[in-house]
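[1] Give me coordinates for this.
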Amino acid sequence: MSTTVSNPATMLSQLVSTSSSGSSSSSSSSASAAQAAGTSSSQQLAGNFDTFLHLLTTQLQNQNPLDPLDTNQFTEQLVEFASVEQQINMNTNLQSLISMQQTSEATSALQLVGSTVTVGGNSATLSNATSTAATWSLTTTTPATATVTVTSSTGATAYSGTLSLNAGTQSFTWNGQGNNGQTWPDGTYTLSVKATGANGQAVTVSTQVQGVVSGVNLASNLRTLTVNGQNLQISQVTAISH
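    Numbers count the residues shown, from 1 in each chain. Below is the predicted model:
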């Protein structure tokens, strides 16, 4: 007596299609979310893989001896068998690559602690105790006259003045002396620049600062660095000196 068994190749195709659509929707998410989705999809595929083996074995056990399974159909089912196995292995290897990449990024970021870096930013540190002035690098593409304003962490204006800028990069150093001769305390100060060209048109000035990396945030996928009390992305680092 023969038993009707669903074609395992057809059912497997449906199962794989379901798993694939579930994993593709997470491709634009963060690495950690993608890894979690990949784990879920891999587990789902593994379950489908076991289901396929069960169906195939049952079909072979219950086929009609006088009308056995067609060779071509059996070959197609074995191809489906190999395809799912490869997909499971691919998902596993992908998760391993994501984990290795995250470990490599974390290791590289930790090596920056204690290094002096140049980053795009407008906050610099003043230390009277070590006679370290607050220094910024100013970059412009055309000559300009600039008004610079230094403010404290509380928003108070510590210094304001004008200076001439040449095309290219130059430094601006503030020694902590306010316009009234007052010496401002140690801390982090912010520089704002408004510049105009020879014809009175506004000129864009970019600012960079140097600072020592005091910490690394590995909890974020962006891998931020703490420089001069600010959390900055590693992509903002333009130069490193040990």
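
[2] need the strands for the protein, in chain order.
    116-120, 123-126, 134-140, 144-151, 157-165, 168-174, 187-196, 202-203, 206-217, 224-227, 230-233, 237-241 (DSSP state E).

[3] can you put the ones you listed in JSON lines and add mean pLDDT?
    Listed next are the strands of the chain as JSON lines, based on pLDDT from 0 to 100:
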{"stretch": "strand 116-120", "mean pLDDT": "84"}
{"stretch": "strand 123-126", "mean pLDDT": "89"}
{"stretch": "strand 134-140", "mean pLDDT": "93"}
{"stretch": "strand 144-151", "mean pLDDT": "96"}
{"stretch": "strand 157-165", "mean pLDDT": "95"}
{"stretch": "strand 168-174", "mean pLDDT": "93"}
{"stretch": "strand 187-196", "mean pLDDT": "94"}
{"stretch": "strand 202-203", "mean pLDDT": "94"}
{"stretch": "strand 206-217", "mean pLDDT": "85"}
{"stretch": "strand 224-227", "mean pLDDT": "82"}
{"stretch": "strand 230-233", "mean pLDDT": "78"}
{"stretch": "strand 237-241", "mean pLDDT": "79"}
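
[4] Can you tell me which of those is nearest to residue 96?
    Each of those has some distance to residue 96 by CB to CB; the shortest is strand 206-217, at 23.8 Å. Glycine gets a C-beta too; all of them are placed from N, C-alpha and C.

[5] That closest one pairs with which strands, and in what direction?
    Sheet pairing of strand 206-217 (DSSP bridges) gives strand 116-120 (antiparallel), strand 134-140 (antiparallel), strand 224-227 (antiparallel).

[6] can you put the ones you listed in CSV and add distance to residue 166 and mean neighbour count?
    Listed next are the strands paired with strand 206-217 as CSV, based on distance: least, CB to CB, whole Å; neighbours: other CB atoms under 10 Å:
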stretch, distance to residue 166, mean neighbour count
strand 116-120, 19, 18
strand 134-140, 8, 20
strand 224-227, 27, 21
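
[7] Distance to residue 147 added to the ones you listed, as a markdown table?
    A markdown table is the format used below for the strands paired with strand 206-217 (distance: least, CB to CB, whole Å):
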| stretch | distance to residue 147 |
| --- | --- |
| strand 116-120 | 21 |
| strand 134-140 | 12 |
| strand 224-227 | 26 |
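
[8] Relative to residue 126, which of those strands is closest?
    That would be strand 134-140 among those, by CB to CB, at 4.3 Å.

[9] what does the closest one rub up against?
    Residues from elsewhere that reach strand 134-140 (CB atoms under 8 Å, 6 or more residues apart in numbering): 118, 122, 124-126, 146, 150, 165-174, 176, 189, 191, 193, 195, 203-210.
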